[in-house]
Every structure is written in structure tokens, then in C-alpha cells.
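Colleague: Okay, here's the prediction I keep looking at, along with the sequence it came from:
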Amino acid sequence: MDIPEHVGIIMDGNGRWAQKQDLPRRAGHKKGVEVLKKIVKESSRLKIPCLTVYAFSTENWNRPSREVKFLMKLFHRTLQREVNELDDNNVKVKIIGRRANLPDYLLDEIKQAEGQTADNTGLNLNIAFNYGGRAEIVDAVNEIIKDTQDHISDISPELIGDHLYNPDFQEVEFLIRTGGEMRVSNFMLWEIAYAELYITDKYWPAFQREDFRKALQNFSSRERRFGSLDESGDQ
Ligand code: IPE
Ligand code: IPE
Ligand code: MG
């Protein structure tokens, strides 16, 4: 199987999964964490170099404050509970997104998780939290302006790429979205320029290891041309 260098996942459908079985939306988010743990383990096992998961978008602040507060706490609790096991499994954790607006208790935990796992050499796990694709590009350009003061003479794709939240992984090769929506919802706009897309109707809490493998098999069968022609193209 052809393993992508970088997989992105838009983990969508938690609320609908819960509502379908008369549970509160919260139950869907909790179950979603369990699924993520399995997919992270499977990614390590398959030796995927980098996995980026969308956990909270810059637009998700528009949800009712009760849900927003719950998601902050759930993320905090999850980092706290899982960091040792992630560390034992050689996973390097990075939280990508805007740090402003995040509560202090969460910022401390983010620092702790990133610090503890910084030297790990296995799976690179990026958790996109308070993340927006446009915000990432804007932040990159602002960093460049800050770095170079007013001596900017030329902006290149490489320069922008090197100022992204995780410059080590600038291309998402395979983008999976659960929950069936046919959109990218402001996820990794720069990085998905040439990503292969895979959208499944399965809600994230129902997504299984086998579904992940099936998706990866599908990726393996894709012909990636990057704007050129396939082998028979010059006939
Ligand atoms: C994705 O599930 C998780 C977050 C956006 C935090 P949703 O909460 O969007 O679930 P649906 O799409 O409403 O079912
Ligand atoms: C995208 O899901 C964000 C995350 C999965 C964190 P949303 O549910 O917020 O996206 P829309 O509203 O369907 O575009
Ligand atoms: Mg949704």
C-alpha cells in the first residue's frame, strides 16, 4: 500500500451521530475522542509520517457558548490524560492554530504536551485547534513582515510555506472528511492544494480502523498527475 506522507482529517459528524441516537451532542464529541485515539494508533502502526486532525475551527466560536466551553474542557482533559501514552508511543504532538482567545489552563496543557513530546521521532500528530486556513496564511505573512521589517522584496511560495504553523509538513497528500459534507470548511487551505480528497458519509464517532484502511487503500489506487500527463498522454 502506498502510504501518504501527510494525512489530514476533518473529523465531522459528532453531533449528528449523537442526535441520531437521542444522546446529547456532547456524547458525540466524547466518542469522537475514542475514535481519534484508535486512528492515531493505526497511523503509527502504518508508519504514516504526519497526521493533522481538525478539532476546533476559528468558526466554531459561533456555536452556543455551552458547547464551546465543553469542547475547550474536553480538549484539555484529553491532552492531560493522553500525553503520557502518546509520549510512550513516540508521537510528537503539535497544536496548530491561533493561541489568542484560548483559556490559560488550556495554553499551559498545550505547552506541556508539546514540550514533553518534542524530541519524539515517530508519528507527527498536529491537532488543529482554533485553526483556520486563512488565519494560518495571514499569520505566516505577518511573521514574514515582522522578520524582515520593511525590507521585503519578494514573497515566494517557499517563504510562505516556511512560516506555516508546521513548516516541516507543508503538503497534505490525502484529505479525509467524515460526515458527508462536500466542503473543506477552512482546513489547511495552503497545504491541500494538491491533496487527494476522500469524503465518507460515516459520522466521525462511527469511523473505524477498517474505514481508515479502506480510505488509505483508495488513496493508493489514485493516479496523481500534478497537472502533467499520464504515461499514455503523449500518444
Ligand atoms: C465535528 O462534529 C466536531 C467539531 C466541529 C468540534 P460536529 O460538532 O460538527 O458535528 P455535526 O457536524 O454537527 O454533526
Ligand atoms: C469542521 O466542521 C470543523 C471541525 C471538524 C473541527 P464544522 O461542522 O464546523 O464545519 P461546517 O460548519 O459543516 O462547515
Ligand atoms: Mg459539523
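Modeller: Sure, I can see it. Just so it is clear, the model here is predicted, and its values are computed rather than measured. Residues are numbered from 1 along each chain as shown. Ligands and ions are numbered 1, 2, ... in the order given.
Colleague: Name the residues of the lengthiest helix in the chain that come out as buried.
Modeller: Looking across the chain with DSSP state H, the single longest helix is helix 65-88. Going by neighbour count (16 or more other CB atoms under 10 Å), the buried part of helix 65-88 is 70-72, 74-76, 78-79, 82-83, 86-87. The C-beta positions use only the backbone N, C-alpha and C, and glycine is treated the same way.
Colleague: Kindly reformat these as CSV containing pLDDT and distance to ligand 1.
Modeller: What follows is the buried residues of helix 65-88, written out as CSV (pLDDT from 0 to 100; distance: CB to the nearest ligand atom, whole Å):
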residue, pLDDT, distance to ligand 1
70, 98, 10
71, 98, 6
72, 98, 11
74, 98, 9
75, 98, 9
76, 98, 14
78, 98, 12
79, 98, 15
82, 98, 17
83, 98, 20
86, 98, 20
87, 98, 25
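Colleague: And these, which two are furthest apart?
Modeller: 70 and 87 (26.1 Å; CB to CB).
Colleague: Quick one: neighbours of residue 133, just the number.
Modeller: Residues lying near residue 133 (other CB atoms under 10 Å) number 20.
Colleague: And residue 2, its phi and psi?
Modeller: phi -80, psi 110 (degrees, to the nearest 10).
Colleague: For residue 75, list the residues it contacts.
Modeller: Going by CB atoms under 8 Å, 6 or more residues apart in numbering, residue 75 touches 55-56, 106, 127, 129.
Colleague: List, out of those, those positioned next to ligand 1.
Modeller: Filtering those for neighbours of ligand 1 using CB under 6 Å from any ligand atom leaves residue 56.
Colleague: Can you add pLDDT and secondary structure and give the contacts of residue 75 back as CSV?
Modeller: Formatted as CSV, the contacts of residue 75 follow (pLDDT from 0 to 100; DSSP: H, G, I helix; E, B strand; the rest coil):
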residue, pLDDT, secondary structure
55, 98, strand
56, 98, strand
106, 98, helix
127, 99, strand
129, 98, strand
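Colleague: Redo the contacts of residue 75 as CSV? Include neighbour count and distance to ligand 2.
Modeller: Formatted as CSV, the contacts of residue 75 follow (neighbours: other CB atoms under 10 Å; distance: CB to the nearest ligand atom, whole Å):
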residue, neighbour count, distance to ligand 2
55, 23, 5
56, 20, 5
106, 18, 16
127, 23, 10
129, 23, 8
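Colleague: Since that was my last question, I'll sign off now.
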